[in-house]
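Trainee: The sequence and its predicted three-dimensional model are supplied below.
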Amino acid sequence: MIRIVGFLRRTFGIVREPVGTDHLGNTYYIIPEQKTWTGRHVRAKRMVEAANPSVHEYTEGSIPIEWDAWIRGRRKEPPTIEELLMNEAQFKQIKLKAKELEEKERALQDQEYKEGLVAAPARTAAKGHAAATIFGKQEVSEEPTSTADAFQPGSWMPTSKKQTKKST
């Protein structure tokens, strides 16, 4: 019987066996190990047929984590429906706990600000992008600046570059 199945596989091409589907509609297959007509061994392969074949690129979340691990060979057995449901429930529970913890932390931080235990964070706005060459540098200004009380507007005049060269 095995010889007949092997002969049919070699004659009519690769036979893929369905393993399962996920909640997104993707279908998972395994191509069992087989010999070619020349006697060469071909390793078993795992593959997925996307539910939406018009989208060829993989996007995060288009394959569940458990199925991704099976496809890449990180686990031997494909995931069961019970396992998928249990992991999804755990993920939702973790998200809920994280949200509650974040709200508690924000309330505690607000209380500390009100009581004066912690200084409020400085709200600074940086101009430009950190990758720019002028990021963080002060802009050169032609406006006169002074901290003295005796400053008179209009009393400061910038010197031209020509005058500074002559005086040296």
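Mentor: Done, it's in. These figures come from a predicted structure and were not determined experimentally.

Trainee: Shouldn't Ala120 be within a helix?
Mentor: No - Ala120 sits outside any helix when classified using DSSP: H, G, I helix; E, B strand; the rest coil, being coil.

Trainee: Find the residue closest to it in space, skipping its chain neighbours.
Mentor: The shortest distance from Ala120 to any residue other than its chain neighbours is 5.5 Å, reached at Tyr113 (CB to CB, 6 or more residues apart in numbering). Bear in mind the C-beta positions are built from the backbone N, C-alpha and C, glycine included.

Trainee: roughly how far apart are that neighbour and Pro79?
Mentor: 47 Å (CB to CB, to the nearest Å).

Trainee: re earlier: can you count the residues close to the residue nearest to Ala120?
Mentor: 13 (other CB atoms under 10 Å).

Trainee: now the one 3 residues further on
Mentor: Other residues lying near Gly116 total 8 when counted by other CB under 10 Å.

Trainee: What of Lys114?
Mentor: Neighbourhood size, Lys114 [other CB under 10 Å]: 9.

Trainee: just Tyr28 next, same as before
Mentor: Tyr28: 20 neighbours (other CB under 10 Å).

Trainee: One more: the one 3 residues further on?
Mentor: Here the number of neighbours of Ile31 (other CB under 10 Å) works out to 16.

Trainee: ok, it touching Met47?
Mentor: Yes - counting by CB atoms under 8 Å, Met47 is a contact partner of Ile31 at 7.0 Å.

Trainee: for this protein, which spans come out with low pLDDT?
Mentor: For the chain, applying pLDDT under 70 flags the ranges 1-2, 5-14, 53-61, 121-156, 160-168.

Trainee: quick one, helices of it?
Mentor: In the chain, helices defined by DSSP state H lie at 2-12, 65-71, 81-115, 161-167, listed in chain order.

Trainee: Please work out which of those helices is packed deepest.
Mentor: Among the helices of the chain, helix 65-71 has the highest mean neighbour count (mean count of other CB atoms under 10 Å), at a mean of 17.

Trainee: From the contact counts, what lies against that one?
Mentor: If you count contacts as 3 or more CB pairs under 8 Å, 6 or more residues apart in numbering; DSSP states H and E, helix 65-71 packs onto strand 27-31, strand 45-49, helix 81-115.

Trainee: 6 Å instead, please
Mentor: Helix 65-71 sits against no helix or strand, with contacts defined as 3 or more CB pairs under 6 Å, 6 or more residues apart in numbering; DSSP states H and E.

Trainee: I'm done for today, thanks for sticking with me.
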